[in-house]
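Novice: Let me see the structure of the following:
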Amino acid sequence: MTEDTPTADPAWEPPLAGSDAEHLTGTLERLRATFRWKADGLTVDQLRARPIPSTALTVGGLLKHLAVCEDDVFQWRISGRAPVTWTLAPEGDAERWQFSVEPDEGAADVYALWSAAVDRSRDRLRELMAGGGLDQPGHLEFEGSVPSVRRHLHDLIEEYGRHTGHLDLLREAIDGRVGEDPPADWPMLP
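Specialist: Numbers count the residues shown, from 1 in each chain. Here you go, the predicted model:
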C-alpha cells in the first residue's frame, strides 16, 4: 500500500459482499453521491444553464426533480405520506417547477431542497428496515398489486441512474468536470 492508496472505501461505496439490503441501499447511496458530486459547487446561473441546445434539462432542474422523486418514492409510494417536495410546487405548475430553478431560488436553496428530501428518505428507509425490511408492501397500489419496498427502491435506483447519465453530459458541458465516481476524499454531502 502506498501513501496515496485509500485505507477504506468511501462511505457511499456498496459492500463487496453483503446482504441484498446492504447492496441495494449501497447502490442507491453510491448513485446519490455520484449525482451530488456531479452537481456540486455550481452557481445559480450554472444550475439554470442549458449548455446542451437539444435539451431543456438543467443541473438545477435535475436536483429538484430527484428531490421530488425521493419524496414520491419514500413518502408517498412506500408510506402513504404527503410528498413534502411536491407541496412546495406552485399549484397547477408542479411539472414545470420541478425541472427549473425559479427566479427567487438561489443555489443554496436548490441544494438544500435535494438534501432535505434525501435526509427524509434515509430516515424513512431506516424505519422501514427496522420494521419489516424490503419485502413489506408499500402504500401505492398499481394495477391491483401493491409493490414491495424492494421494487420501489429499484425504481429509484433506475431514476438516479438515468439522470446521473444526463448530469454527466450537462456538467461536462458547463465546466469540463468528468469522472465516474466522486474522489475518495470528497466529503459526502447529504
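
Novice: From here on, just use CA atoms for contacts and neighbour counts.
Specialist: Fine.

Novice: any low-confidence regions in this structure?
Specialist: Applying pLDDT under 70 to the chain flags residues 1-15, 188-190.

Novice: Could you pick out the longest helix of this structure?
Specialist: helix 149-175 (DSSP state H).

Novice: Can you give me the buried ones in that one?
Specialist: Residues 149-153, 156-157, 159-161, 163-164, 166-171, 174 are the ones in helix 149-175 that count as buried (16 or more other C-alpha atoms under 10 Å).

Novice: Check stretch 90-104 too.
Specialist: Residues of stretch 90-104 classed as buried: 97-101 (neighbour count, 16+ other C-alpha under 10 Å).

Novice: neighbouring contacts of it?
Specialist: Around stretch 90-104, the neighbours that count as contacts under C-alpha atoms under 8 Å, 6 or more residues apart in numbering are 47-48, 57-58, 60-62, 64-65, 68, 86, 89, 110.

Novice: Tell me which stretches of the protein form helices.
Specialist: Assigned by DSSP H, the chain shows helices spanning 20-39, 44-48, 59-71, 84-87, 94-98, 107-130, 149-175.

Novice: which one is residue 174 nearest to, not counting chain neighbours?
Specialist: Leaving aside its chain neighbours, residue 174 sits nearest to residue 51 (6.2 Å; criterion: C-alpha to C-alpha, 6 or more residues apart in numbering).

Novice: gap between the one you found and residue 179?
Specialist: 18 Å (C-alpha to C-alpha, to the nearest Å).

Novice: what does residue 160 give?
Specialist: Residue 160 is 16 Å from residue 179, by C-alpha to C-alpha.

Novice: try residue 45
Specialist: 23 Å.
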